[in-house]
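Visitor: for reference, the sequence and a predicted model appear below.
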Amino acid sequence: MLKKLFGFHDIEVKGQMQVGTLQKNFEESFGTKIRVYKPTAEGKINTGKGSRPADAKSTLASNCMAGTKVSDVTIRKGHTVGDIEKTFAEKMGIGIQIMTPDGNSFAPNDMKLSDVAKLASK
């Protein structure tokens, strides 16, 4: 109800944040789900076939691509899904996927985050 009165709020993401905390805050703030993935055995990002979900109690920094210096990220409702996923890869070295509110499909990359939650009513 508060979201309807005040709108979505930005999330500040830091490397020491736990994966589960990010997922909880993301769903509370934007009404949809986010998946975070472990790097491959070679230390690369993989969000496709064969990807492995990150443990909810692990930190974001512990799931970054090998050799990456983790920078803070701010998630805003006006960003597109694709931009957020790209920013996480570039600034944090972390593979993520933003899902539809039911968590069963990937949100369209060209859709603004503020519009993804509206998919729940369709």
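Guide: Received the coordinates, thanks. Because the structure is predicted, anything quoted here is derived from the model rather than measured.
Visitor: going forward, measure contacts and count neighbours with C-alpha atoms only.
Guide: Noted.
Visitor: can you give me the strands in the chain?
Guide: 11-13, 34-37, 73-75, 95-98 (DSSP state E).
Visitor: any idea which of the ones you listed is most buried?
Guide: strand 95-98 (a mean of 24; mean count of other C-alpha atoms under 10 Å).
Visitor: any regions of this structure where pLDDT drops low?
Guide: Regions of the chain meeting the criterion pLDDT under 70 cover residues 1-7, 121-122.
Visitor: let me have the strands of the chain in a markdown table, extended by distance to residue 81.
Guide: Output for the strands of the chain, formatted as a markdown table (distance: least, C-alpha to C-alpha, whole Å):
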| stretch | distance to residue 81 |
| --- | --- |
| strand 11-13 | 14 |
| strand 34-37 | 10 |
| strand 73-75 | 10 |
| strand 95-98 | 7 |
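Visitor: quick one: which of these is nearest residue 57?
Guide: strand 34-37 (11.7 Å; C-alpha to C-alpha).
Visitor: so which elements touch that closest one?
Guide: helix 19-30, strand 95-98 (3 or more C-alpha pairs under 8 Å, 6 or more residues apart in numbering; DSSP states H and E).
Visitor: turn the ones you listed into TSV, including distance to residue 48.
Guide: TSV is the format used below for these (distance: least, C-alpha to C-alpha, whole Å):
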stretch	distance to residue 48
helix 19-30	19
strand 95-98	9
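Visitor: what's the closest of the ones you listed to residue 66?
Guide: That would be, of the helices and strands packed on strand 34-37 and by C-alpha to C-alpha, strand 95-98, which comes in at 12.2 Å.
Visitor: now do the contacts for the residue most central in space within the chain.
Guide: Closest residue to the average C-alpha location of the chain: residue 34 at 4.4 Å, with C-alpha atoms, centre = their mean. By C-alpha atoms under 8 Å, 6 or more residues apart in numbering, the contact set of residue 34 is 23, 26-27, 96-99.
Visitor: let's see that with 7 Å instead.
Guide: Residues near residue 34 by C-alpha atoms under 7 Å, 6 or more residues apart in numbering: 23, 26, 96-99.
Visitor: which residues of the protein fall in helices?
Guide: For the chain, the helices defined by DSSP state H occupy 2-6, 19-30, 81-87, 113-116.
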